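Enquirer: Here is the input, now give the coordinates:
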Amino acid sequence: MRESRVNPRNWFGRSRSRRRAAPAAATENTNPLIPEREDSIFRRKREVVYEGTLVDQITAMEIERTSDGAIIRVTGLPLRQGAFDVRLVPENEDKKPINGVLDFELRAIQSENMPQGPERARAVQAAVFVSRQNIERAAEIRVRGARNERVSSR
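Expert: Below you'll find the predicted structure:
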């Protein structure tokens, strides 16, 4: 019975190593350390698209140097109270400067049926870390809102 095919322990043979076939569509931006995504019945998470809209005004921007780069901290003023999930969204995903300019947009999820309220109740803040290599390549940092933008240059 121990050597029989009825025994579940005998269903698979010993493992052996073999060369993996190259992926069909390799792009330049792939990272070999990140595993390829496979559809599975156990993975039910779907990628959620961020639905934030531009904050009305950018009131302040500070750039704080760190040992590894910089933190860009921005204060904005939406039209109405209740804005949440505030983000500094980069123009390109890897936060690299384009023509020496780092572009960001201050976005938040905002409700249309909230009261306007005073400025102190509407103010929102967001921050983003930028690596030293990207900061050194940038001559200008720009953060956009719906009605204005703030720029900091060297």
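Enquirer: Mind jotting down where the helices sit in this structure?
Expert: Per DSSP state H, the chain carries helices over the ranges 119-122, 132-137.
Enquirer: Need the CA coordinates for the shortest one. CSV is fine.
Expert: I take that to be helix 119-122. Output of helix 119-122 as CSV, limited to C-alpha atoms (Å, rounded to 0.1, in the frame of the first residue of the first chain):
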residue,chain,number,x,y,z
GLU,A,119,-11.4,79.0,6.4
ARG,A,120,-10.0,77.4,9.5
ALA,A,121,-12.5,74.5,9.2
ARG,A,122,-11.8,74.0,5.5
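Enquirer: So in terms of bridging, what pairs with Ile98?
Expert: Val101 (DSSP bridges).
Enquirer: Ala127 against Gly76, yeah?
Expert: No - assessed by CB atoms under 8 Å, Ala127 is found out of contact with Gly76, at 11.8 Å. Glycine gets a C-beta too; all of them are placed from N, C-alpha and C.
Enquirer: follow-up on the earlier one: comparing the helices of the chain, which yields the minimum mean pLDDT?
Expert: Per-stretch mean pLDDT for those is lowest at helix 132-137 (a mean of 87).
Enquirer: Counting by contacts, list what it packs against.
Expert: In terms of contacts (3 or more CB pairs under 8 Å, 6 or more residues apart in numbering; DSSP states H and E), helix 132-137 is packed against strand 69-77.
Enquirer: quick one: contacts of the strand it packs on?
Expert: Here strand 69-77 makes contact (CB atoms under 8 Å, 6 or more residues apart in numbering) with 55-64, 86, 88, 104, 106, 108, 119, 122-135, 141, 143, 145, 150.
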